[in-house]
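Engineer: Predicted model and sequence below, questions to follow.
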Amino acid sequence: MKPLTLHLKKQYFDQIKSGEKTLEYRLVTDYWKKRLEDRDYNGIILLCGYPKRGDESKTIRCLWCGCHITKIIHPQFGADPVDVFAIDVSKKYEGCYQ
């Protein structure tokens, strides 16, 4: 089993790193349905943009605690409410995934 890897904008990466943000959102699209519905991962790797391989300062590892669909309004997705996958990124993990 592999970890789920998500690339984030610096603003959201920093909010997750500080603990201010505990959920990461992805639009409910066919692309994300295939990757998130009925799937299990051994962890989550959050990357600040597309860093050089091994740049741990731009990497956060979290436990996979699942995700759920919810409706939000967020400037990133426009002015209207949208359905998103809310991925729990609240539980940091210091080890390596097997």
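Structural biologist: Sure, I can see it.

Engineer: Would you mind finding the longest strand in this structure?
Structural biologist: Among all segments of the chain classified by DSSP state E, the strand with the greatest residue count is strand 78-88.

Engineer: ok, residues contacting that strand?
Structural biologist: Residues outside strand 78-88 that contact it (CB atoms under 8 Å, 6 or more residues apart in numbering): 4, 6, 22-28, 32, 36, 44, 62, 65-74, 77. The C-beta positions use only the backbone N, C-alpha and C, and glycine is treated the same way.

Engineer: filter the residues you listed to the buried ones?
Structural biologist: Members of the contacts of strand 78-88 that pass the buried threshold by neighbour count (16 or more other CB atoms under 10 Å) are listed as 4, 6, 23-26, 28, 32, 36, 44, 62, 67.

Engineer: How about the contacts made by the residue most central in space within the chain?
Structural biologist: Among the residues of the chain, the one closest to the centroid is residue 24, at 4.5 Å (CA atoms, centre = their mean). By CB under 8 Å, 6+ apart, the contact list for residue 24 reads 6, 8, 12, 16, 46, 86-87, 89.

Engineer: Below-threshold pLDDT in the protein: ranges please.
Structural biologist: Across the chain, the stretches falling below the confidence threshold (pLDDT under 70) are 95-98.

Engineer: in it, which spans are strands?
Structural biologist: In the chain, the strands defined using DSSP E lie at 4-8, 23-27, 44-48, 59-62, 67-74, 78-88.

Engineer: Distance to residue 94 added to those strands, as JSON lines?
Structural biologist: Supplementary listing: the strands of the chain in JSON lines, determined by distance: least, CB to CB, whole Å:
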{"stretch": "strand 4-8", "distance to residue 94": "17"}
{"stretch": "strand 23-27", "distance to residue 94": "19"}
{"stretch": "strand 44-48", "distance to residue 94": "13"}
{"stretch": "strand 59-62", "distance to residue 94": "7"}
{"stretch": "strand 67-74", "distance to residue 94": "22"}
{"stretch": "strand 78-88", "distance to residue 94": "17"}
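
Engineer: What separation do you get for residue 69 and residue 87?
Structural biologist: As defined by CB to CB, to the nearest Å, residue 69 lies at a distance of 11 Å from residue 87.

Engineer: Many thanks, I have nothing further to ask.
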